[in-house]
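A.B. asks: give me coordinates for this.
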Amino acid sequence: MADYDSIAEHYDLTHSTRILRDKKFYVNEAKKARGKVLEVGCGSGRIYLPLLAAGVDAYGIDISPKMLAVLKNKARQDGLTPHVALADMRTFKHKEKFSLILVPFRAFLHMLTTRDQLSTLKNLRAHLAPGGKLMLNFFFPSPAFIASKYGKGKRNKEFFDRKTGISVTNESYFIDEPNQIVQCIFRVSRRGRQIAIQKFRITLLYKKEFELLLGLAGFSKWQVYGGFKKEKLTSSRQEMVWIIER
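C.D. replies: Have a look, this model is predicted:
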C-alpha cells in the first residue's frame with residue numbers, strides 16, 4: 001500500500017496542482033444522497049471536510065494515521081466533528097450501510113492485484129444499502145501521456161512557489177510493465193533542499209478491465225463519464241468518472 005505518512009504534513013501542497021475539479025462534483029452528489037455517506041481514502045480531508053461543512057452525514061476511512069491526524073486537526077480548526085477511522089478498503093468492517101460510497105482522486109488504483117481489486121469492490125458493495133451508489137474516478141491510461149511523462153530519472157515539475165521556494169517534482173516509471181504497475185515518487189524541496197519524499201505504486205486500469213471487475217464483484221449497472229460534468233467519454237485524455245449502482 002502507498003506510504004502517505006511520510007508526506008502527510010506536505011500532502012495538500014504536494015498534490016495542489018494535480019487535484020482535479022472533483023470537489024464540487026462529490027459534494028453535490030453526497031448532498032443528494034438519502035442516507036449516510038462513506039468516503040474511502042479520506043486522507044487529509046480535502047473532500048471529507050467539505051462534506052461535513054455541507055451538512056452531509058459523512059464517515060471516512062483511511063490507511064494512514066498521520067493523514068487522519070491532519071484531517072482531525074483541520075476539523076478542529078473549522079469547528080467540525082469528523083467520524084473517521086483507520087482502515088483498509090479491502091477488509092474494513094463498518095456497522096453502517098451507506099447510501100453512497102465515494103473513492104475520490106484515483107485511490108482505487110492503489111489496489112495492485114486482481115485479488116485486491118475484487119476484494120475491495122466486493123467489500124464496498126457489501127457496505128452499500130439497497131439502491132446505494134458507488135462513485136469513483138481514475139485516469140484513462142493515455143499512451144501519449146505515458147510516452148511523454150514516464151521514465152526512470154525523468155522528473156516532472158508539479159509545483160513551484162517563488163515566495164517560499166518550495167517545489168514538487170514527480171517521477172513515474174513502470175516497475176512491472178506486464179502487470180501495468182507504475183512506481184511514483186514525489187519529492188518536496190525548499191530552496192533546493194529535499195524536505196520530504198513519497199513513494200507509492202499504482203496500477204493502470206482500462207475501461208473494459210474495470211467493467212469486467214465490476215461484473216465479477218456482483219455489480220450489474222453502471223455508467224462511466226469523461227469528466228466531473230458527466231461529459232461523454234470519448235478520449236483517453238479524459239478522466240473516467242464511474243457511477244455504479246448496488
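
A.B. asks: going forward, measure contacts and count neighbours with C-alpha atoms only.
C.D. replies: Will do.

A.B. asks: roughly how far out does the worst-scoring helix or strand of the chain on mean pLDDT sit from the chain middle?
C.D. replies: Least confident helix or strand of the chain, by mean pLDDT, DSSP states H and E, is helix 11-14 with a mean of 78. Here helix 11-14 is found 14 Å from its chain centre; the criterion is CA atoms, centre = their mean, to the nearest Å.

A.B. asks: same check, this time on stretch 39-58
C.D. replies: For stretch 39-58, the distance to the chain centre is 13 Å (CA atoms, centre = their mean).

A.B. asks: tell me which residues in the least confident helix or strand of the chain are buried?
C.D. replies: Neighbour-count burial for helix 11-14 flags Y11, L13, T14 (criterion: 16 or more other CA atoms under 10 Å).

A.B. asks: same question, stretch 214-225
C.D. replies: Within stretch 214-225, the residues scored as buried using 16+ other CA under 10 Å are L214, A217, F219, W222, V224, Y225.

A.B. asks: so what's Y59 bridging to?
C.D. replies: Counting by DSSP bridges, Y59 forms beta bridges with L38.

A.B. asks: need the next SSE after the strand or helix carrying F210, C-terminal direction.
C.D. replies: For F210, the host element (DSSP states H and E) is helix 207-216. Remark: after helix 207-216, the chain's next helix or strand is strand 221-225, criterion DSSP H and E.

A.B. asks: what helices and strands are in contact with that next one?
C.D. replies: The contact analysis (3 or more CA pairs under 8 Å, 6 or more residues apart in numbering; DSSP states H and E) places strand 221-225 against strand 239-245.

A.B. asks: could you give me the average pLDDT of the strand it packs on?
C.D. replies: In this model, strand 239-245 has an average pLDDT of 98.

A.B. asks: once you drop chain neighbours, what's closest to P104?
C.D. replies: The spatial neighbour of P104 that comes closest, neighbours along the chain excluded (CA to CA, 6 or more residues apart in numbering), is L136 at 5.3 Å.
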